[in-house]
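**Q** this is a predicted model, with the sequence first.
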Amino acid sequence: MPYIHPAEGFSTYDSGIRNLEQRLDILLTGAEQLGLRLNTRQIELFHLYESALLSWNQHINLSGIKNPNQIQSKHFLESIAAYNMIITTLPNVSSMLDLGSGAGFPGIPLKLILEDVALCLVESIKKKANFLKKVISILGLEGVTILAERSEIIAKDTRYRESYDIVTSRAVAKLDTLLELAMPLTKVGGYFIAFKRPGIEQEINEAMPALKILGGKIHRIEDIHIKDILEPISLIFIEKIMPSPDLYPRRPGVPKKRPLSERQNKQQG
């Protein structure tokens, strides 16, 4: 191996970091507007993550988003948008579970920021779970568990039930369905964070019966938008104030087919 003068080595390294900063400009600019300044290690890890996504997405359908700029905005930035709310609401957070993680959002980007938090990624589709295992290895992350199982099954397991300070989900399911899957995994005193698009007032109203049954209350709703960088999103913070009844969640598939809001309306009718 040829000898590299130390000064030359530093110059090459600094140049490489500057190149990465230019490539990840959307992420870095947006993060600063969210009050986050990523360090060198985090920049390198986000770059590795982006590269893994682009590579694997050629072979399996991880995400319909394949443009690097959109990955930075719609996946990375949207995921870490919850950071400030998490640390102000629960400053001593130590554990987090990401429900229906897919390609790792929002769990992995949040883990890159909240480095000491133990993370559990739940993804029932085996191909996606395999990607998660691979990318966690590539990034060299510690304290990450990947469960290739349905959340209805996991939530019945005493190792996981009501065990997490924070449970997150960017799943496309309606809020009443998500509540039945997420609240049994959330600690009493912890929070479930649902990532949604704005205009969810009706969906929230329909979910109120499920919220009451499952032991939660809406703590805060935060709308976040960064002009020309991040499209508007709504983060719904739901506090777990009482244990969820042992009945929930119901059998796999039932929460989506027969949401608690519909069940409650029929009983009242």
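**A** Sure thing, it's come through. Residues are numbered from 1 along each chain as shown.
**Q** ok, now which ones touch Leu77?
**A** By Cβ atoms under 8 Å, 6 or more residues apart in numbering, the contact set of Leu77 is Ile26, Leu27, Gly30, Ala31, Leu34, Ile226, Ile229, Leu230. (Each C-beta comes from the backbone N, C-alpha and C, glycine too.)
**Q** which of the residues you listed are buried, as a ChimeraX select command?
**A** Buried residues within the contacts of Leu77, by 16 or more other Cβ atoms under 10 Å, are selected in ChimeraX with:
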select :26,27,30,31,34,226,229,230
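**Q** the stretch 151-269 of the chain: helices as residue ranges?
**A** 151-154, 175-182, 201-213, 254-257, 260-268 (DSSP state H, counting those that start in this stretch).
**Q** which one of those helices is the most hemmed in?
**A** helix 175-182 (a mean of 28; mean count of other Cβ atoms under 10 Å).
**Q** now do the end-to-end distance for stretch 77-85.
**A** 14 Å (Cα to Cα, to the nearest Å).
**Q** show the average pLDDT along that stretch.
**A** Averaging pLDDT along stretch 77-85 gives 97.
**Q** check which residues of it are buried.
**A** Applying 16+ other Cβ under 10 Å to stretch 77-85 flags Leu77, Glu78, Ser79, Ile80, Ala81, Ala82, Tyr83, Met85 as buried.
**Q** before we move on, what about stretch 188-198?
**A** Quick answer for stretch 188-198 (16+ other Cβ under 10 Å): Gly190, Tyr191, Phe192, Ile193, Ala194, Phe195, Lys196.
**Q** can you lay out these as a markdown table showing pLDDT and distance to Thr168?
**A** Shown next, in a markdown table, are the buried residues of stretch 188-198 (pLDDT from 0 to 100; distance: Cβ to Cβ, whole Å):
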| residue | pLDDT | distance to Thr168 |
| --- | --- | --- |
| Gly190 | 98 | 11 |
| Tyr191 | 98 | 9 |
| Phe192 | 98 | 8 |
| Ile193 | 98 | 5 |
| Ala194 | 98 | 8 |
| Phe195 | 98 | 7 |
| Lys196 | 96 | 12 |
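**Q** what's the closest of those to Ile238?
**A** Phe192 (4.5 Å; Cβ to Cβ).
**Q** isn't the closest one up against Glu180?
**A** No. Using Cβ atoms under 8 Å, Phe192 is not in contact with Glu180, being 10.9 Å away.
**Q** re the thing from before, as JSON lines, the helices of the stretch 151-269 of the chain with mean pLDDT would be great.
**A** Output for the helices of the stretch 151-269 of the chain, formatted as JSON lines (pLDDT from 0 to 100):
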{"stretch": "helix 151-154", "mean pLDDT": "97"}
{"stretch": "helix 175-182", "mean pLDDT": "97"}
{"stretch": "helix 201-213", "mean pLDDT": "96"}
{"stretch": "helix 254-257", "mean pLDDT": "95"}
{"stretch": "helix 260-268", "mean pLDDT": "63"}
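**Q** quick one: closest of those to Leu53.
**A** Here helix 151-154 is closest among the helices of the stretch 151-269 of the chain (Cβ to Cβ), at 23.0 Å.
**Q** can you list contacts of stretch 122-140?
**A** Contacts of stretch 122-140 (Cβ under 8 Å, 6+ apart): 45, 48-49, 52-53, 56, 60, 62, 97-104, 108, 112, 121, 144, 146-151, 154.
**Q** in the stretch 101-250 of the chain, which spans are strands?
**A** 118-122, 144-147, 164-169, 186-196, 216-226, 230-240 (DSSP state E, counting those that start in this stretch).
**Q** how close does the spatially closest residue to Ala173 that is not a sequence neighbour get to Ser151?
**A** In this structure, Ala173 finds its nearest non-sequential neighbour in Lys256, 6.1 Å apart by Cβ to Cβ, 6 or more residues apart in numbering. Distance, Lys256 to Ser151, by Cβ to Cβ, to the nearest Å: 11 Å.
**Q** contact partners for the spatially most central residue of the chain?
**A** Residue closest to the average C-alpha location in the chain (Cα atoms, centre = their mean): Pro106, at 2.2 Å. Shown in contact with Pro106 (Cβ under 8 Å, 6+ apart): Glu78, Ser79, Ile80, Ala82, Asp98, Thr168, Arg170, Phe195.
**Q** quick one, phi/psi of it?
**A** Per-residue torsions, Pro106: phi -90, psi 0 (degrees, to the nearest 10).
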